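K.L.:
have a look; sequence and predicted model below, questions after that.
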Amino acid sequence: MGSSNSDNPSLPRQSDTDSLGATDAGRYLDTLAFAARGVWTVTLAGVRPVAFWSAVVLPLCYLPSLYGVGTGQDTGLFVELVAWHVAAILLGHGHTPFWSR
């Protein structure tokens, strides 16, 4: 006895399964990118004011370091202080204080 076509369901073609996988992966990556942008925006909104005001206040810490107050580790402290100041400037660059809006 022969089998009829109605007994065997048709299998999907290779191109059909590939396109479904690419679409799902694209949606997943779009959602992941959207979530990452949201997390970055919220994090930066919280960090930016602190970084801005740190960039304003940190130069006051240069004076004791430049005059050699403390132990012989002042050079390392000064380099670290400059690195923190540069990071604060870069992160706090876009902050606008509430009185200048």
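P.N.:
Sure, I can see it.
K.L.:
how would you label Thr96: helix, strand or coil?
P.N.:
coil (DSSP: H, G, I helix; E, B strand; the rest coil).
K.L.:
element containing the residue nearest to Leu77 when sequence neighbours are not counted, please.
P.N.:
In space, and not counting its chain neighbours, Leu77 is closest to Ser65: 5.8 Å by C-beta to C-beta, 6 or more residues apart in numbering. The C-beta positions use only the backbone N, C-alpha and C, and glycine is treated the same way. Element membership for Ser65 (DSSP states H and E) is helix 62-66.
K.L.:
tell me where the protein has helices.
P.N.:
Using DSSP state H, the helices assigned to the chain run over residues 14-57, 62-66, 74-92.
K.L.:
returning to what we had before: check which helices and strands the helix holding Ser65 is in contact with.
P.N.:
Contact here means 3 or more C-beta pairs under 8 Å, 6 or more residues apart in numbering; DSSP states H and E; on that basis helix 62-66 packs against helix 74-92.
K.L.:
other residues contacting the helix it packs on?
P.N.:
Helix 74-92 is touched from outside by 44, 47-55, 58-59, 61-62, 65-66, 68, 70, with contacts defined as C-beta atoms under 8 Å, 6 or more residues apart in numbering.
K.L.:
what is the neighbour count of the residue lying closest to Arg48 once chain neighbours are set aside?
P.N.:
For Arg48, ignoring the flanking residues on the chain, the nearest one in space by C-beta to C-beta, 6+ apart is His95 at 4.5 Å. As a burial measure, His95 scores 16 neighbours (other C-beta atoms under 10 Å).
K.L.:
do Gly94 as well
P.N.:
11.
K.L.:
tell me how far it lies from Leu63.
P.N.:
Noted for Gly94: a distance of 28 Å to Leu63, by C-beta to C-beta, to the nearest Å.
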